[in-house]
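Trainee: my questions concern the predicted model and sequence given below.
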Amino acid sequence: MLRGVGAVRTGRVFSLAMQFHAGGPQTGGVPGRVNPELDVLAAGVSVTGDPGDFTTTDEVLRLGTQASTHWDALCHVGYDARLYNDTPMDVVTDAGATRLGAEHLGSVVSRGILLDVARVHGVDRLPGGYPITDTDLDDALTLSGVEIEAGDILLVRTGQPQMLRDDTESSVGSDGPGHAPRLSRHDPDDRYRTDTAGISVRAVEWFARHDVAAVATDTFVFEVWPCEDPEVLLPVHMIDLRDVGLVQGQLWYLEALAQDCAADGQYDVLLSASPLPVTGAAGAPVAPTAVK
């Protein structure tokens, strides 16, 4: 965390979260992973009936834990009937996970390093299906001018959110907290549903070698989609979460931060990204904040 504090030079603050709203960004491709649904129970209701007295609004929120910006918990993915640290898969039941759930992710505050792979390639957005390799990460690290140390959190930018529509008028990133973008589906063009750039299996050892605490990307899938080997579904998830114990973040909004990093050449930040500690959950909503 102290390295993160040392990265603060100007106090500029960036929200790295997409809004949690009914229009997106989820597409319905994963059954049950619903976009947030807000059910208002009381809208400006006066408890006594006198509008001059105490008046309140209350609501219920229903959403997929991975509907928008989130961390994957270690119970999210496994194979051979085992989860991380040889934990048996049967710790996960219809009532949730009794071990390795989102509540165990704890407080997440560290130095974050933006690895702008799209900028390294001179494009606004990497093409769908592009596998981000160890070479790409080396090049992005060179661009950042930062040396990774154990416990850092990496923010890998592909530019995929540009395939979404920003329904907000205000920009993200300012001298204050800014506003999270309300990103929803492009109605006529939903190619991002099928092919996305993402982490390659060739990058997994690179993450482990650098001993990073977590990796977050701006994509739906985290890893490249379609998968590199059509016979193996989501191998990066299996290796990262089951074998390495590397926490993964998805659907992070990195566009405004990336623009600012390119402008001033500073690619390290103080990152605060503590998840909602939903007991037994395989995913945890988060509203990350980066301070430069």
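Mentor: Thanks, I have it. Keep in mind that what you see is a predicted model, and the values were worked out from it rather than measured.
Trainee: residue contacts, the residue sitting nearest the centre point of the chain?
Mentor: With the centre of the chain defined as its mean C-alpha position, the nearest residue by CA atoms, centre = their mean is residue 250, 3.1 Å away. With contact taken as CB atoms under 8 Å, 6 or more residues apart in numbering, residue 250 is in contact with 66, 69, 70, 72, 216, 217, 219, 220, 221, 222. In this view, the C-beta of every residue, glycine as well, is placed from N, C-alpha and C.
Trainee: quick check: beta-bridge partners of it?
Mentor: As for beta bridges, residue 250 partners with residue 70 under DSSP bridges.
Trainee: now residue 92: how far from residue 73?
Mentor: Separation of residue 92 from residue 73 (CB to CB, to the nearest Å): 10 Å.
Trainee: okay, and the common contacts of the two?
Mentor: Both residue 92 and residue 73 are contacted by residue 282, under the criterion CB under 8 Å, 6+ apart.
Trainee: wait, a helix at residue 239?
Mentor: Yes - with DSSP: H, G, I helix; E, B strand; the rest coil as the criterion, residue 239 is assigned to a helix.
Trainee: ok so, going back, which pair in the contacts of residue 250 spans the largest distance?
Mentor: Greatest spatial distance among the contacts of residue 250 (CB to CB): 69 and 221, at 14.4 Å.
Trainee: comparing those two, which shows the higher neighbour count?
Mentor: Between residue 69 and residue 221, residue 69 has the larger neighbour count (other CB atoms under 10 Å), namely 27 against 22.
Trainee: identify the residues contacting that one.
Mentor: Residue 69 makes contact with 16-18, 20, 249-253, 285-288 under the criterion CB under 8 Å, 6+ apart.
Trainee: going by distance to residue 230, which of the contacts of residue 250 wins?
Mentor: Closest to residue 230 out of these is residue 221 (14.8 Å), distances taken as CB to CB.
Trainee: so where is this protein shaky, pLDDT-wise?
Mentor: Scanning the chain for pLDDT under 70 picks out 165-179, 184-194.
Trainee: so where's the longest strand in it?
Mentor: Longest strand of the chain, by residue count under DSSP state E: strand 37-46.
Trainee: would you mind writing the CA trace of that one as CSV?
Mentor: The C-alpha trace of strand 37-46 is given here as CSV (Å, rounded to 0.1, in the frame of the first residue of the first chain):
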residue,chain,number,x,y,z
GLU,A,37,-32.7,-4.3,-11.4
LEU,A,38,-33.7,-1.5,-8.9
ASP,A,39,-37.1,-2.1,-7.2
VAL,A,40,-38.2,1.1,-5.4
LEU,A,41,-40.1,0.2,-2.2
ALA,A,42,-40.8,3.7,-1.0
ALA,A,43,-40.4,6.8,-3.1
GLY,A,44,-40.4,10.0,-1.0
VAL,A,45,-42.8,8.5,1.6
SER,A,46,-43.6,10.5,4.7
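Trainee: tell me the buried residues in stretch 203-218?
Mentor: Along stretch 203-218, these residues count as buried under the neighbour rule (16 or more other CB atoms under 10 Å): 203, 204, 206, 207, 210, 212, 214, 215, 216, 217, 218.
Trainee: what residues sit buried inside stretch 227-246?
Mentor: Buried residues in stretch 227-246, defined by neighbour count with 16+ other CB under 10 Å: 227, 228, 234, 235, 236, 237, 238, 239, 240, 241, 242, 246.
Trainee: so residue 92 and residue 73 - more neighbours on which side?
Mentor: The residue with the greater number of neighbours, taking residue 92 and residue 73 and applying other CB under 10 Å, is residue 73; the counts read 28 against 20.
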